[in-house]
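S.K.: My questions concern the predicted model and sequence given below.
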Amino acid sequence: MRDEIVGYKEEEDYKKEEEREMVGGGLAESKKFVVVGYALTSKKVKSFLQPKLEGLARSKGILFVAIDQSKPLSDQGPFDIVLHKLSGSKWRRILEEYRLTHPDVTVLDPPEAIQHIYNRQYMLEDVADLNLSDTYGEVGVPRQLVIEKDSSSIPDAVGKADLRLPIVAKPLAAKSHELSLAYDKFSLQMLEPPLVLQEFINHGGILFKVYIVGEAVKVVRRFSLPDISKRELSTNPGVFRFPRVSCAAASADEADLDPCVGELPPRPLLEKLAKELRRRLGLHLFNLDIIRELGTKDRYYVIDINYFPGYGKMPEYEHIFTDFLLSLVKQKQ
Ligand SMILES: Nc1ncnc2c1ncn2[C@@H]1O[C@H](COP(=O)(O)OP(=O)(O)OP(=O)(O)O)[C@@H](O)[C@H]1O
Ligand SMILES: O=P(O)(O)O[C@H]1[C@H](OP(=O)(O)O)[C@@H](OP(=O)(O)O)[C@@H](O)[C@@H](O)[C@@H]1OP(=O)(O)O
Ligand SMILES: [Mg+2]
Ligand SMILES: [Mg+2]
């Protein structure tokens with residue numbers, strides 16, 4: 001099965017674009033460059049800033065320049081766009097101040113908006129508020145409960161909130177990926193708060209990763225946690241830590257899947273969801289993990305939102321990203 005690009009250019013258009021750029025490559029040298037300052041971890045530089053991206057960007061008149069964190073930001077550049085994914089309150093303050101003093105520079109994305117989705121208590125709030133339901137389907141979030149402290153209070157809290165088992169326990173901090181699956185509420189006491197406890201939804205073991213880059217939306221399939229039967233639930237008490245699932249190595253795009261499980265969510269639904277979330281979250285660069293409830297045709301749940309995810313794994317990201325950067329500059333003009 002193939003990946004789908006929603007509301008964007010097709011592969012053929014990209015090929016033609018690449019050919020034109022090779023022929024007219026020298027043109028870029030004579031025009032003014034769009035300068036993109038970046039502050040990324042070395043892991044991110046390696047996965048995102050690949051030679052193909054830098055080459056294509058240059059041929060389109062975009063230059064990526066590393067930000068030197070040991071020097072004041074205003075002494076560097078001048079930048080048209082600042083691209084970043086670094087943690088820490090010091091960096092956030094630097095960026096907030098820079099945004100105030102350089103309103104003409106587009107900062108991707110505002111630190112405050114990123115911070116909001118770095119907390120799993122608030123991450124899915126906007127999806128829930130959106131209450132998206134139309135002829136293409138319904139999009140919600142799993143029921144969840146926040147445990148700030150005191151793990152001994154968990155069984156009671158789960159009982160009061162009437163949360164159904166099994167339950168996925170996730171650290172409140174979204175950048176922490178130590179997840180656990182609990183088959184009974186008492187075992188959850190073994191985990192360390194702060195946590196979000198979320199109802200596990202059977203979904204046929206396939207998840208849809210929806211990558212968003214400005215107005216472009218692209219969806220891929222990944223393998224996910226398998227379904228849990230009622231029988232398994234009653235015979236396996238305990239809490240199990242599980243490793244990083246649904247990573248790039250778990251691509252399910254080429255797998256021979258039952259169509260009920262593998263069929264991509266309808267484009268119009270994803271487009272609407274992406275558009276609304278872009279606005280509500282105030283972000284341009286993120287992805288959503290979406291699952292379809294097993295046995296339903298159109299009941300979807302968003303279970304995770306990630307800021308500036310691994311775009312290097314998104315097919316044709318070089319074209320999508322460079323087009324996006326140019327569209328930002330054009331909008332400003
Ligand atoms: N409520 C849920 N119901 C069913 N499966 C879930 C649920 N929440 C999480 N999962 C499974 O656990 C995996 C990890 O959960 P989640 O995506 O929230 O964690 P993460 O560490 O933030 O992931 P990422 O690496 O995408 O940032 C998902 O990819 C999915 O396979
Ligand atoms: O590990 P990769 O590079 O592939 O990308 C992952 C990214 O890591 P990086 O930002 O350090 O690169 C993660 O960010 P943090 O939450 O850890 O900040 C998170 O966004 C994952 O969802 C990404 O995987 P994807 O969702 O795209 O499969
Ligand atoms: Mg995830
Ligand atoms: Mg995540």
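M.R.: That came in fine, so what should we check first? Ligands and ions are numbered 1, 2, ... in the order given.
S.K.: So what pairs up with the nearest residue to residue 293 once chain neighbours are set aside in the strands?
M.R.: In space, and not counting its chain neighbours, residue 293 is closest to residue 299: 4.3 Å by C-beta to C-beta, 6 or more residues apart in numbering. Every C-beta, even on glycine, is put in place using the N, C-alpha and C of the backbone. The partner list for residue 299 in beta bridges (DSSP bridges) reads residue 138.
S.K.: shouldn't residue 299 be in contact with residue 138?
M.R.: Yes - the pair residue 299 and residue 138 passes the contact test of C-beta atoms under 8 Å, sitting 5.5 Å apart.
S.K.: show me what contacts the spatially closest residue to residue 224 that is not a sequence neighbour?
M.R.: Spatial nearest neighbour of residue 224, chain neighbours left out: residue 207 (3.8 Å); criterion: C-beta to C-beta, 6+ apart. Residue 207 is in contact with 221, 222, 223, 224, 246, 289, 290, 291, 303, counting by C-beta atoms under 8 Å, 6 or more residues apart in numbering.
S.K.: tell me the SS of the fifth one?
M.R.: In this case it means residue 246. The local conformation at residue 246, judged by DSSP: H, G, I helix; E, B strand; the rest coil, is coil.
S.K.: show me the residues around it that make contact.
M.R.: Residues in contact with residue 246 (C-beta under 8 Å, 6+ apart) are 207, 209, 222, 223, 224, 289.
S.K.: what's the spacing between the fourth one and ligand 2?
M.R.: Taking C-beta to the nearest ligand atom, to the nearest Å as the criterion, residue 223 is separated from ligand 2 by 12 Å.
S.K.: doesn't residue 113 fall inside a strand?
M.R.: No - per three-state DSSP, residue 113 lies outside any strand segment and is helix.
S.K.: Does it touch residue 279 like I think?
M.R.: No - with contact defined as C-beta under 8 Å, residue 113 and residue 279 do not form a contacting pair (11.1 Å).
S.K.: The two: which has the busier surroundings?
M.R.: It is residue 113, of residue 113 and residue 279, that has more neighbours when counted by other C-beta atoms under 10 Å, with 15 against 10.
S.K.: which residue sits closest to the more buried one, ignoring its sequence neighbours?
M.R.: Nearest one to residue 113, counting by C-beta to C-beta, 6+ apart, is residue 282 at 4.0 Å.
S.K.: Neighbours of the one you found, how many?
M.R.: For residue 282, the neighbour count with other C-beta under 10 Å is 14.
S.K.: per-residue pLDDT, it?
M.R.: The model reports residue 282 with a pLDDT of 98.
S.K.: And for the residue nearest to residue 293, the neighbour number?
M.R.: 17.
S.K.: any idea how far it lies from residue 226?
M.R.: Using C-beta to C-beta, to the nearest Å, residue 299 is found at 19 Å from residue 226.
S.K.: In the stretch 151-300 of the chain, what residue spans correspond to helices?
M.R.: Counting by DSSP state H, counting those that start in this stretch, the stretch 151-300 of the chain has helices at residues 154-161, 230-235, 259-262, 267-281.
S.K.: Read off the pLDDT value for the closest residue to ligand 4 within the stretch 51-200 of the chain.
M.R.: Residue nearest to ligand 4 within the stretch 51-200 of the chain (C-beta to the ion): residue 174, separated by 5.4 Å. Confidence at residue 174, expressed as pLDDT, is 98.
S.K.: Tell me which helix or strand in the protein has the weakest average pLDDT.
M.R.: Least confident element among the helices and strands of the chain, by mean pLDDT, DSSP states H and E: helix 27-30 (a mean of 41).
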